[in-house]
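Asks: After the sequence you'll find the predicted model.
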Amino acid sequence: MTVIATESLSKRFPRVTALDRLSVDVGPGVTGLVGANGAGKSTLIKILLGLSPATEGRAEVLGLDVATKGGAIRERVGYMPEHDCLPPDVSATEFVVHMARMSGLPPAAARERTADTLRHVGLYEERYRPIGGYSTGMKQRVKLAQALVHDPQLVFLDEPTNGLDPVGRDEMLALIRRIHTDFGISVLVTSHLLGELERTCDHVVVVDGGKLLRSSSTTDFTQTTTTLAIEVTDTDEHPDGTRAVREALHARGVTVEAGSGLPGAGHILLLTAQGEETYDVVRDVVADLGLGLVRMEQRRHHISEVFKDDQETEEQQRKEAVGHGS
Amino acid sequence: MAAEHPVATPAGDQTRIHNIGYRAYDGPRLGRSYATRSLYSQSLRGAYGLGRSVKSKVLPMLLFVVMCVPALIMVAVAVATKANDLPVDYTRYAIIMQSVICLYVASQAPQSVSRDLRFKTVPLYFSRPIETADYVRAKYAALASAMFILTAAPLLVLYVGALLAKLDFTDQTKGFAQGLVSVALLSLLFAGIGLVIAAVTPRRGFGIAAVIAVFTISYGAVTTLQAIADAQGSTSAIPWMGLFSPVTLIDGVQTAFLGATPSLPGGHGPSNGQGVVYVLVVLGLIAASYGLMMRRYKKVGL
């Protein structure tokens, strides 16, 4: 089943080409739409909502053509914009009830669904207070609630984690995950942060300059190889335990790189697990050296690493090697 | 509601939904015209501050009272003195109270549209089943209705009072009907002009000032020029000048067709021929207001 399908979809403005022959199929589940600012994410959402005609090509949402069935699509789809969209002088309850009615829900159902939805996004007593006094996190929840209140089959979330602190960001991502697992609603979520989406999404679509760069499931992105991160203690015999392990592993033919991007860089080694036996090799090496193994964990590749130009990666490795040699 | 009455399926009890979990909605979805009506009623209520903070109820309610009080006094006087006629014609009332009406449209037109622009709620509306035209129609109809309530309520007070004072029924009914037609036109015209001006700016303060300026400056300029023309004896130009201000436009239409006495200096009302021009200009302005708002909201979009 396909939730969103586009076929050489293009959108040209007098000066810029926002979308360039984009063909992509999106199935049910949580799908991340990644791209830098101005990559055409918002333009795509606008077209998919049937609000802006495409210059070329065609697109379908829930099996409905966006060019002719815009109204029917918008009845079944929710939209959470990136920017602020809440009037400060009304309460969350009043606002969401109004938006529910704007989606076609009868008054009684609108009130009932509003109470339910606000509870699900985590707004309780404060929902009767004017929105003006809410924190950014609470406002984001109201924005999400208005997109979900009419129980759509699909929601478009445009940069839902924008402006949130790390805790709020994690909560929002968990909530987005629940929209699919608990509520059974498919999600298209945009972000310019890849790392954020890999934790949440089943599938990631990457666009750049209006073109499709890659579309595949998150497991494809991150599980082609397993990376192990290991950290060891130092002993009197081996004052630099990390180095000793690296050399010993090298001797056994296992390539190791320093986990430079991680906290505690310099003490963490990253290596590619070829199979079960790599774990045994590491265990034996560490035991032979008489060091303590602080951690050995599977680390998924960050999507960003997958997309890094190969050359760039090589260059970085060379630089790191030089740095460590000195 | 749906959860309490799970749909019985042949398979048995498989469809039970936990009360605390997420409940899907499988009730009716009433679609575009219902959504438009919901927006209309929300905007109409909002024009009197209903469903909004206490602070925003003060001004519209106060203006409504100010509109009605003189009518009540006139009725009281007419009943007490057993007069043969009301002190003021039905058609004349709105012209006398024009500054109150102007204040109302200046305060409520920006409230209705500038807020949606300023807080960027407009994109949310357009992500629903409604179209641009539905939004514009709902907002226009809501403000015009609110203004009709404001201007027709005192006429109703006068009419009921006149009947209580046992004035001539046919006379009063005819006058009342003419008054209603006149204020209906006035409501459409004023609401249109007010909304077009307010829809240009997301700043409510600018909107209020601009609406007041357009109504008072045009009225002041037109009546001053008419007075000068009257003093210099070029009376034929006077009715044409009335085309350039909303208040004098309505005054001209009702003078020509609704049996009102002209408020123009020297009593120079437009003739029937000129009256046709007045009506055409009023209808043209109403249509232009609608067209301009459509153009404006085509651009706002998402």
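Replies: Done, it's in. Numbering: from 1, shown residues only, chains lettered A, B, ... in the order given.
Asks: Strands along the stretch 51-200 of chain B, start to end?
Replies: For the stretch 51-200 of chain B, strands defined by DSSP state E, counting those that start in this stretch do not occur.
Asks: so which residue of it comes closest to chain A?
Replies: residue B:127 (3.8 Å; CB to the nearest CB). (Glycine included, C-beta is placed from N, CA and C.)
Asks: Pull the number of nearby residues for that residue.
Replies: Applying other CB atoms under 10 Å in any protein chain shown, we find 27 other residues in the vicinity of residue B:127.
Asks: Now it. Nearest residue, chain neighbours left out?
Replies: Nearest residue to residue B:127, sequence neighbours excluded (CB to CB, 6 or more residues apart in numbering or on different chains): residue A:79, at 3.8 Å.
Asks: now swap in residue A:98 and tell me
Replies: In space, residue A:98 is closest to residue B:42, 5.8 Å off (CB to CB, 6+ apart).
Asks: tell me which residues of whichever helix or strand the one you found is part of are tucked away?
Replies: Assessed by DSSP states H and E, residue B:42 sits inside helix B:31-46. Using 16 or more other CB atoms under 10 Å in any protein chain shown as the test for burial, helix B:31-46 gives B:32, B:34-36, B:38-40, B:42-44, B:46.
Asks: quick one: contacts of that helix?
Replies: Identification of contacts with helix B:31-46 by CB atoms under 8 Å, 6 or more residues apart in numbering or on different chains yields A:71, A:75, A:98, A:101-104, B:51-52, B:111-112, B:125, B:128-131, B:134-135, B:137-139, B:141-143, B:145-146.
Asks: Per-residue pLDDT of residue 91, please?
Replies: With no chain named, the answer covers chain A. Per-residue confidence (pLDDT) for residue A:91: 93.
Asks: not what I meant, chain B
Replies: Predicted confidence (pLDDT) for residue B:91: 92.
Asks: wait, it sits on residue B:182?
Replies: Yes: with contact defined as CB atoms under 8 Å, residue B:91 reaches residue B:182; the gap is 5.1 Å.
Asks: So what pairs up with residue A:4 in the strands?
Replies: residue A:26, residue A:61 (DSSP bridges).
Asks: what sits against it?
Replies: Contacts of residue A:4 by CB under 8 Å, 6+ apart are A:24-26, A:31, A:48, A:59-61, A:154, A:188.
Asks: ok, of those residues, which come out buried?
Replies: A:24, A:26, A:31, A:48, A:59-61, A:154, A:188.
Asks: Where does the prediction get shaky in the stretch 151-300 of chain A?
Replies: A:220-226, A:258-266, A:274-275, A:298-300 (pLDDT under 70).
Asks: all helices for it, in order.
Replies: Secondary structure of the stretch 151-300 of chain A (DSSP state H, counting those that start in this stretch): helices located at A:166-181, A:194-200, A:218-222, A:241-251, A:276-289.
Asks: Mind putting those into a markdown table with mean neighbour count?
Replies: Listed next are the helices of the stretch 151-300 of chain A as a markdown table, based on neighbours: other CB atoms under 10 Å in any protein chain shown:
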| stretch | mean neighbour count |
| --- | --- |
| helix A:166-181 | 17 |
| helix A:194-200 | 19 |
| helix A:218-222 | 18 |
| helix A:241-251 | 18 |
| helix A:276-289 | 14 |
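Asks: Can you find the helix or strand of chain B with the lowest average pLDDT?
Replies: Lowest mean confidence among the helices and strands of chain B (mean pLDDT, DSSP states H and E): helix B:238-241, at a mean of 87.
Asks: Now do it: which elements does it pack against?
Replies: helix B:204-231 (3 or more CB pairs under 8 Å, 6 or more residues apart in numbering or on different chains; DSSP states H and E).
Asks: residues in contact with the closest residue to residue B:25 other than its chain neighbours?
Replies: Distances taken as CB to CB, 6+ apart put residue A:151 closest to residue B:25, at 3.7 Å, once the chain neighbours are dropped. Residue A:151 makes contact with A:113, A:185, B:24-25, according to CB under 8 Å, 6+ apart.
Asks: Buried residues, stretch A:82-100. List them.
Replies: In stretch A:82-100, counting by 16+ other CB under 10 Å, buried: A:82, A:84-87, A:90-100.
Asks: To clarify, my last question referred to stretch A:101-108.
Replies: Buried-residue list, stretch A:101-108, by 16+ other CB under 10 Å: A:101-106.
Asks: Restrict these to those that also contact chain B, please.
Replies: Residues of the buried residues of stretch A:101-108 in contact with chain B (CB under 8 Å from any CB of the partner chain): A:101-106.
Asks: Turn those into CSV, including distance to residue A:267, pLDDT and secondary structure.
Replies: Converted to CSV, these look like this (distance: CB to CB, whole Å; pLDDT from 0 to 100; DSSP: H, G, I helix; E, B strand; the rest coil):
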residue, distance to residue A:267, pLDDT, secondary structure
A:101, 58, 96, helix
A:102, 56, 96, helix
A:103, 54, 95, coil
A:104, 58, 95, coil
A:105, 56, 96, coil
A:106, 62, 96, coil
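Asks: which of those residues sit farthest apart?
Replies: A:102 and A:106 (12.4 Å; CB to CB).
Asks: ok, residues contacting stretch A:179-192?
Replies: So stretch A:179-192 is in contact with A:3-4, A:26, A:28-37, A:39, A:41-42, A:45, A:78, A:82, A:120, A:148, A:151-161, A:176, A:197, A:200-202, B:21-22, B:24, going by CB under 8 Å, 6+ apart.
Asks: change it to 7 Å
Replies: With contacts defined as CB atoms under 7 Å, 6 or more residues apart in numbering or on different chains, stretch A:179-192 is touched by A:3-4, A:26, A:28-37, A:41, A:152-161, A:176, A:197, B:21-22.
Asks: Quote the end-to-end distance of it.
Replies: 21 Å (CA to CA, to the nearest Å).
Asks: Pull out the buried residues from it.
Replies: For stretch A:179-192, the neighbour count (16+ other CB under 10 Å) marks A:179-180, A:183, A:185-191 as buried.
Asks: Of these, which is the nearest to residue B:99?
Replies: Using CB to CB, the buried residues of stretch A:179-192 come closest to residue B:99 at residue A:190, 50.8 Å.
Asks: now the closest one: how far from residue B:50?
Replies: 38 Å (CB to CB, to the nearest Å).
Asks: Return the member of the buried residues of stretch A:82-100 nearest to residue A:213.
Replies: Of the buried residues of stretch A:82-100, the one sitting nearest to residue A:213 (CB to CB) turns out to be residue A:82, at 20.9 Å.
Asks: Correct me if wrong: that closest one contacts residue A:157.
Replies: No: applying CB atoms under 7 Å as the test, residue A:82 and residue A:157 come out as separate, 9.1 Å apart.
Asks: just to revisit the earlier point, now, of the contacts of stretch A:179-192, which are buried?
Replies: A:3-4, A:26, A:28-35, A:41, A:152-161, A:176, A:197, B:22.
Asks: for chain B, which spans come out with low pLDDT?
Replies: B:1-20, B:264-268, B:301-302.
Asks: how about the helices in it?
Replies: B:31-46, B:54-81, B:90-96, B:98-118, B:122-126, B:132-164, B:169-200, B:204-231, B:238-241, B:246-257, B:272-300 (DSSP state H).
Asks: how far off helix B:132-164 does the last one point, in degrees?
Replies: So the one you mean is helix B:272-300. 140 degrees (axes from the mean of the first three to the mean of the last three CA atoms, to 10 degrees).
Asks: and helix B:272-300, does that touch chain A?
Replies: No: contact of helix B:272-300 with chain A (CB under 7 Å from any CB of the partner chain) is absent, the minimum separation being 10.7 Å.
Asks: what about residue 119, how many neighbours?
Replies: Reading this off chain A. So residue A:119, with other CB under 10 Å, has 14 neighbours.
Asks: wrong chain, I was asking about chain B
Replies: 20.
Asks: check contacts around it.
Replies: A:84-87 are the contacts of residue B:119 under CB under 7 Å, 6+ apart.
Asks: same thing with residue A:122?
Replies: residue A:141.
Asks: So it, which state does it fall into?
Replies: coil (DSSP: H, G, I helix; E, B strand; the rest coil).
Asks: what residues are up against the most centrally placed residue in chain A?
Replies: Per CA atoms, centre = their mean, the C-alpha nearest to the average position across chain A is that of residue A:197, at 1.2 Å. Residues near residue A:197 by CB under 7 Å, 6+ apart: A:32, A:34, A:189, A:191, A:204.
Asks: Many thanks, have a good one.
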